[in-house]
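1. Below: sequence and its predicted model.
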2 protein chains.
Amino acid sequence: MKKIKPILALLRNVKSRTFQPGEVLITEGSSNKELFFIRKGLVRCFYINSTADEITFQLFPESNIVLNFHTLLFDEPSKFVYVAYEPTKAYSIDYDFLMKLTYENAKFLELNRSFIGKRAIKQAFMRIESLVFLTPEERYIKYLQDYPNIVNRAPDKYIANVLGITPVSLSRIRNRMANRKR
Amino acid sequence: MKKIKPILALLRNVKSRTFQPGEVLITEGSSNKELFFIRKGLVRCFYINSTADEITFQLFPESNIVLNFHTLLFDEPSKFVYVAYEPTKAYSIDYDFLMKLTYENAKFLELNRSFIGKRAIKQAFMRIESLVFLTPEERYIKYLQDYPNIVNRAPDKYIANVLGITPVSLSRIRNRMANRKR
DNA sequence: ATTCTTTATTAACAATTGTTAATCTGCGTT
DNA sequence: AACGCAGATTAACAATTGTTAATAAAGAAT
């Protein structure tokens, strides 16, 4: 049986998808194994705690990779909900399919490692450094640098959650920064 | 040219190494690409900040993977020092060699993904969840659960750093917990 | 334009943390 | 046994954060 050229196989299995604000990419409890590359828009990933409050875990603007890491890394159903906050365009591909391609073709291993693995993992490690070494204010400043103008796209309460502080505290940090500047 | 059986190639390239307390596995500025599997002992990874203080980033007891993630993920020299705190025995293997094996043999991909990748990355994501969702006290309790009896092996000041708080604050947390229990 | 709803800001207070320094404790050395 | 040293605890104070609630501002809906 003749093998299909892997690049063609890849392209055939990439889906182009759009999500309206509020539309769910991955729901809580799901074992979705899709990988989403966000071309345009903004996706929010949040956790629902014991008092039914939503705590935003991460925001994914353009060129970020959205993946259900509970399933892909822990083989567990997702504890998070991934939902579009802005109108969003993404490419998606099944992770298992991508792995299959990777098995069959060494060139894809490099692609996979450098593009998908590295990106999400690099973000994760940088975030740990940020949380361990920096104060909340320093984290906020760094976040603004890493995600320029996200502050104009997402509510502060989401950003506060991502930084691991309360919205009230973020508001005070902004206040202090503004006063210092003047 | 006949291919060597990959399992044999792997075994031939695994080094068994021992480190005395204070001995360095990976030094700051190095681009070491070794992977260490800690069989016995305890390795400490720390950062030297602008005032020449050592801030412990992570502790690696038995069955943990030690790797220079600045180099392996960012292609940058290590910002951290990895040093044995207890007498330590480890297996080590060159990461590039392991990748080469992985390229050549699909079975190793699974090994690599599940064993090496997953473990370090899983830890990373769980640590982010811990830092974002939990208070310092909750983080300490969780750390004790995840690393039982590490509190008897490593100084509190190291553990405080790992949790992202000061040693003084950790001492107070312990005090509060003890008072509550009685 | 007006209402309704959500978000952001501010205030007030309790709790926690950071910081610095003093004290205490345990450990190894001499 | 006496000493010195590093780590842990405690104290004191300033700064920050969490919490709750009230107010203000901004958007969305009618």
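-> That came through, no problem.
2. Run through the residues of chain A sitting next to chain B.
-> Counting by C-beta under 8 Å from any C-beta of the partner chain, the residues of chain A lying close to chain B are A:47, A:49, A:55, A:57, A:69, A:73-74, A:99, A:102-104, A:106, A:109, A:113, A:117-118, A:121-122, A:124-125, A:127-129, A:131-133, A:161-162, A:164. Placement of C-beta: from N, CA and C, glycine included.
3. Check the residues you listed one by one and keep those near DNA strand D.
-> With respect to DNA strand D, and counting by C-beta under 7 Å from any atom of the strand, the subset of the residues of chain A next to chain B in contact is A:Gly164.
4. list the buried ones in the helix or strand encompassing A:Tyr91?
-> Taking DSSP states H and E as the criterion, A:Tyr91 maps to strand A:88-94. Within strand A:88-94, the residues scored as buried using 16 or more other C-beta atoms under 10 Å in any protein chain shown are A:88-90, A:92-93.
5. quick one, strands of chain A?
-> Here chain A has its strands, by DSSP state E, at A:15-19, A:24-26, A:34-40, A:43-48, A:54-60, A:65-67, A:80-84, A:88-94.
6. could those go into CSV alongside distance to B:Pro61?
-> Shown next, in CSV, are the strands of chain A (distance: least, C-beta to C-beta, whole Å):
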stretch, distance to B:Pro61
strand A:15-19, 43
strand A:24-26, 34
strand A:34-40, 33
strand A:43-48, 29
strand A:54-60, 28
strand A:65-67, 29
strand A:80-84, 29
strand A:88-94, 37
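7. Nearest to B:Lys15, out of those?
-> When these are ranked by proximity to B:Lys15, the top entry is strand A:65-67, at 34.1 Å, counting by C-beta to C-beta.
8. Not counting that closest one itself, show me its contacts.
-> The contact list for strand A:65-67, computed with C-beta atoms under 8 Å, 6 or more residues apart in numbering or on different chains, reads A:25-26, A:34-38, A:43, A:45, A:60, A:82, A:90, A:95, A:116, A:119-120.
9. and that strand, which strands flank it?
-> Strand A:65-67 has the following strand partners under DSSP bridges: strand A:34-40 (antiparallel).
10. Give me the angle between the strand it pairs with and strand A:15-19.
-> An angle of 60 degrees separates the directions of strand A:34-40 and strand A:15-19 when computed by axes from the mean of the first three to the mean of the last three C-alpha atoms, to 10 degrees.
11. Tell me the buried residues in strand A:34-40?
-> A:34-38.
12. what do you get for stretch A:162-170?
-> A:162-165, A:170.
13. Then stretch A:10-25?
-> Across stretch A:10-25, burial judged by 16+ other C-beta under 10 Å covers A:10, A:19, A:25.
14. okay but A:Ile121 is in contact with B:Leu73, surely?
-> Yes - counting by C-beta atoms under 8 Å, a contact exists between A:Ile121 and B:Leu73, whose distance comes to 6.0 Å.
15. would you turn the buried residues of strand A:34-40 into CSV with distance to DNA strand D and pLDDT?
-> Written out in CSV, the entries for the buried residues of strand A:34-40 read as follows (distance: C-beta to the nearest atom of the strand, whole Å; pLDDT from 0 to 100):
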residue, distance to DNA strand D, pLDDT
A:Glu34, 28, 93
A:Leu35, 30, 91
A:Phe36, 24, 94
A:Phe37, 26, 93
A:Ile38, 21, 95
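16. Run through chain A and note the low-pLDDT ranges.
-> In the predicted model, chain A carries pLDDT under 70 at residues A:1-4, A:103, A:106-117, A:181-182.
17. from the buried residues of strand A:34-40, which single one is nearest A:Val151?
-> Each of the buried residues of strand A:34-40 was checked against A:Val151 using C-beta to C-beta; the closest is A:Ile38, at 18.1 Å.
18. residues touching that closest one, list them.
-> Taking C-beta under 8 Å, 6+ apart as the criterion, A:Ile38 is in contact with A:60-66, A:88-90.
19. What's the PyMOL syntax to select whichever of those are buried?
-> Buried members of these, defined by 16+ other C-beta under 10 Å, are picked up in PyMOL with:
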select buried, chain A and resi 60+61+64+65+66+88+89+90
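20. for DNA strand C, what are the nearby residues on chain A?
-> For chain A, the contact set with DNA strand C under C-beta under 7 Å from any atom of the strand comprises A:155-157, A:167-168, A:170-172, A:174-175.
21. From the residues you listed, keep the buried residues only.
-> When neighbours are counted using 16+ other C-beta under 10 Å, these contain these buried positions: A:Leu170.
22. Turn the residues of chain A next to DNA strand C into JSON lines, including distance to A:Asn149.
-> Rendered in JSON lines, the data for the residues of chain A next to DNA strand C read as follows (distance: C-beta to C-beta, whole Å):
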{"residue": "A:Pro155", "distance to A:Asn149": "14"}
{"residue": "A:Asp156", "distance to A:Asn149": "14"}
{"residue": "A:Lys157", "distance to A:Asn149": "18"}
{"residue": "A:Pro167", "distance to A:Asn149": "19"}
{"residue": "A:Val168", "distance to A:Asn149": "23"}
{"residue": "A:Leu170", "distance to A:Asn149": "17"}
{"residue": "A:Ser171", "distance to A:Asn149": "19"}
{"residue": "A:Arg172", "distance to A:Asn149": "22"}
{"residue": "A:Arg174", "distance to A:Asn149": "15"}
{"residue": "A:Asn175", "distance to A:Asn149": "20"}
